[in-house]
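In: next come a sequence and a model predicted from it.
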Amino acid sequence: MADRRVVIYLDYQATTPLAPEAFEAMVPLLRDQFGNPHSTHRAGRQAAAQVELARDRILMAMAMPLGKLVFTSGATEAINISLIGLLRSAPPARRRIVALATEHAAVRDTVLAMDGYETILLPVGPDGLVDLETARAAITSDTALVTAMLVNNEIGVIQPVDALCDLAHAAGAVFLCDAVQGFGRVPLPQQADALTISAHKVHGPKGVGALWLCDGITIPPLLHGGGQEGGLRSGTLSPALCAGFGVAADLMHRLRDSDTQHTEMLWQAALRLFDDWTINGSMGARYHGNLNIRRDGIDGARLLSECRDIAFSLGSACASGSGRPSHVLQAIGLSDKEARGSVRIGFGRYTTIDELEDAAKAITQAAERQLSVANGAHGS
């Protein structure tokens with residue numbers, strides 16, 4: 001029997017609720033307009049038109065300079081296509097990769113696995129931000145690629161990606177930005193050579209993402225087959241997923257001001273509701289829909305178990321089954337104990353203030369019970 005309990009959803013960094021408008025745009029393409037967008041008959045051309053409309057909507061929402069948008073199965077594929085492709089296209093003398101220690105696993109694991117390259121993972125400070133002088137020293141004339149996440153998925157800090165991009169270009173390297181958590185929320189780096197985004201982080205469907213490449217950047221394909229997406233990403237596209245992504249991106253673009261105001265209201269409330277907790281990462285350079293907090297004496301995993309009607313997390317959903325401690329929390333200098341006492345609360349467009357207040361009350365009460373039991377055990 002299905003679990004019908006109402007869950008308060010506060011895990012917007014893992015995924016966002018599907019916008020009703022995106023769902024409605026997908027239904028006809030799933031049910032009736034099922035043509036293959038790569039076929040030349042009328043049904044195929046109609047499906048292809050929906051794909052191109054979605055592409056135009058996403059490009060408009062990105063507001064980047066001239067470039068091309070390639071649909072992928074998600075950000076992980078987009079990151080792999082771009083990272084590997086850009087490195088394969090690099091001059092033979094350039095064999096250094098510079099990334100941040102706090103990158104998403106899709107970037108971090110890929111660059112560390114590249115044979116024949118020296119990978120430099122730049123440290124970050126306790127605030128989660130990279131030091132630009134350290135970056136400048138690492139980005140040398142033999143650097144092929146610099147990559148940095150715009151908004152960190154675990155602690156929400158906003159990296160100085162424009163400055164990193166300038167350092168990369170000054171050294172003759174290309175710059176890739178993982179913009180998954182920042183797209184639609186903060187300005188994108190206008191001089192980047194490549195950007196990756198994902199639909200389900202902007203109220204679109206899961207299973208579709210995109211790679212943006214600026215004009216003049218050409219890379220070899222990672223996937224071979226029918227030569228779809230300009231020969232860069234073979235495979236039959238889902239017009240429904242593309243359409244859902246396009247509508248979600250358009251909504252993010254049109255509702256940016258109201259979404260920002262709503263998220264800021266929730267952020268200010270969250271600061272008040274969790275005033276006994278310590279915030280992980282910079283207070284100034286961060287996206288306000290991500291609250292990563294810790295409290296001494298708390299076990300985050302136990303807190304999740306005790307608050308089963310609230311969806312929040314310990315960190316990245318992509319690494320939740322790996323058993324590995326958070327490399328992001330380690331990078332900002334937290335001890336294992338402090339990392340275990342950290343949780344991530346994410347909110348946005350569809351979160352109500354009542355939901356946030358009810359969740360904060362339940363989380364705080366569960367934390368107090370943990371502390372009470374711990375203090376009782378220590379006193380006995």
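Out: Structure received. Numbers count the residues shown, from 1 in each chain.

In: CA atoms for contacts and neighbours, from now on please.
Out: Will do.

In: just list what the helix ranked longest in the chain packs against, helices and strands only.
Out: The helix that spans the most residues within the chain, counting by DSSP state H, is helix 353-379. Applying 3 or more CA pairs under 8 Å, 6 or more residues apart in numbering; DSSP states H and E, we find helix 353-379 packed against helix 256-273, helix 300-306.

In: and the closest residue to I363 other than its chain neighbours, what does it touch?
Out: Nearest residue to I363, sequence neighbours excluded (CA to CA, 6 or more residues apart in numbering): C307, at 6.6 Å. The contact partners of C307, by CA atoms under 8 Å, 6 or more residues apart in numbering, come to 362-363, 366.

In: gap between C307 and A301?
Out: Using CA to CA, to the nearest Å, C307 is found at 10 Å from A301.

In: what does P160 give?
Out: Distance, P160 to A301, using CA to CA: 32 Å.

In: could you chop this protein up by domain?
Out: Listed by automatic domain parsing, the domain ranges of the chain are 8-17+256-379, 21-253.

In: can you redo those as CSV with mean pLDDT?
Out: Shown next, in CSV, are the domains of the chain (pLDDT from 0 to 100):
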stretch, mean pLDDT
domain 8-17+256-379, 91
domain 21-253, 96
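
In: okay, the ones you listed, which one's buried deepest?
Out: Highest mean neighbour count among these (mean count of other CA atoms under 10 Å): domain 21-253, with a mean of 20.

In: could you pull up phi and psi at L334?
Out: Main-chain torsions, L334, degrees, to the nearest 10: phi -70, psi 140.

In: I'd assumed G289 was in contact with W267.
Out: Yes. Between W267 and G289 there is a contact under CA atoms under 8 Å: 6.6 Å.

In: could I get the full set of strands for the stretch 201-350 of the chain?
Out: Ranges of strands in the stretch 201-350 of the chain, per DSSP state E, counting those that start in this stretch, are 209-214, 278-279, 290-294, 310-311, 342-346.

In: what's the closest of those to G67?
Out: strand 209-214 (4.0 Å; CA to CA).

In: tell me what angle the strand or helix carrying R55 forms with strand 209-214.
Out: Element membership for R55, per DSSP states H and E: helix 42-62. In terms of direction (axes from the mean of the first three to the mean of the last three CA atoms, to 10 degrees), helix 42-62 departs from strand 209-214 by 70 degrees.

In: elements contacting helix 42-62?
Out: Other elements packing on helix 42-62 under the criterion 3+ CA pairs under 8 Å, 6+ apart are helix 239-254.

In: then the helix it packs on to CSV, C-alphas only?
Out: Provided in CSV are the C-alpha atoms of helix 239-254 (Å, rounded to 0.1, in the frame of the first residue of the first chain):
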residue,chain,number,x,y,z
PRO,A,239,10.9,15.6,-27.4
ALA,A,240,8.8,15.4,-24.2
LEU,A,241,11.8,15.8,-21.9
CYS,A,242,13.2,18.6,-24.0
ALA,A,243,9.9,20.4,-24.0
GLY,A,244,9.6,20.1,-20.3
PHE,A,245,13.1,21.5,-19.9
GLY,A,246,12.3,24.4,-22.2
VAL,A,247,9.1,25.4,-20.4
ALA,A,248,10.8,25.1,-17.0
ALA,A,249,13.7,27.2,-18.2
ASP,A,250,11.3,29.8,-19.6
LEU,A,251,9.5,29.9,-16.2
MET,A,252,12.8,30.3,-14.3
HIS,A,253,13.6,33.3,-16.6
ARG,A,254,10.2,34.9,-16.3
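
In: list the contacts of it.
Out: Taking CA under 8 Å, 6+ apart as the rule, helix 239-254 contacts 19, 21-23, 25-27, 29-30, 37, 47-48, 50-51, 53-58, 60-61, 71, 184, 199-200, 202-209.

In: now stretch 125-140
Out: Residues outside stretch 125-140 that contact it (CA under 8 Å, 6+ apart): 98, 100, 102, 120, 122-124, 146, 155, 157-160, 163-164, 167-168, 171, 280-283, 331-333.

In: these in helices, which ones?
Out: 163-164, 167-168, 331.

In: and the strands in the stretch 1-150 of the chain?
Out: 8-9, 67-72, 96-100, 118-122, 143-149.

In: save those strands as a markdown table, and put in distance to H327 too.
Out: Converted to a markdown table, the strands of the stretch 1-150 of the chain look like this (distance: least, CA to CA, whole Å):
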| stretch | distance to H327 |
| --- | --- |
| strand 8-9 | 25 |
| strand 67-72 | 27 |
| strand 96-100 | 11 |
| strand 118-122 | 12 |
| strand 143-149 | 14 |
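
In: out of those, which gets nearest to L356?
Out: For L356, the closest of those is strand 8-9, at 8.0 Å, according to CA to CA.

In: just checking, what packs against that closest one?
Out: Using 3+ CA pairs under 8 Å, 6+ apart: strand 8-9 touches strand 310-311.

In: just give me how far the strand it packs on sits from the chain centre.
Out: Relative to its chain's centre, strand 310-311 lies at 20 Å (CA atoms, centre = their mean, to the nearest Å).

In: what of stretch 69-87?
Out: With CA atoms, centre = their mean, you get 14 Å for stretch 69-87.

In: got a list of contacts for that stretch?
Out: 55, 59, 106-107, 110-111, 144-145, 174, 176, 178, 180, 194, 196-199, 206-213, 219-222, 229-230, 232-233, 237, 242.

In: how near is I97 to G116?
Out: 11 Å.

In: quick one, what contacts the residue nearest to D215 when sequence neighbours are not counted?
Out: In this structure, D215 finds its nearest non-sequential neighbour in G67, 4.6 Å apart by CA to CA, 6+ apart. G67 is in contact with 212-215, counting by CA under 8 Å, 6+ apart.

In: now, the most widely separated pair of those residues?
Out: W212 and D215, at 9.6 Å, using CA to CA across the contacts of G67.
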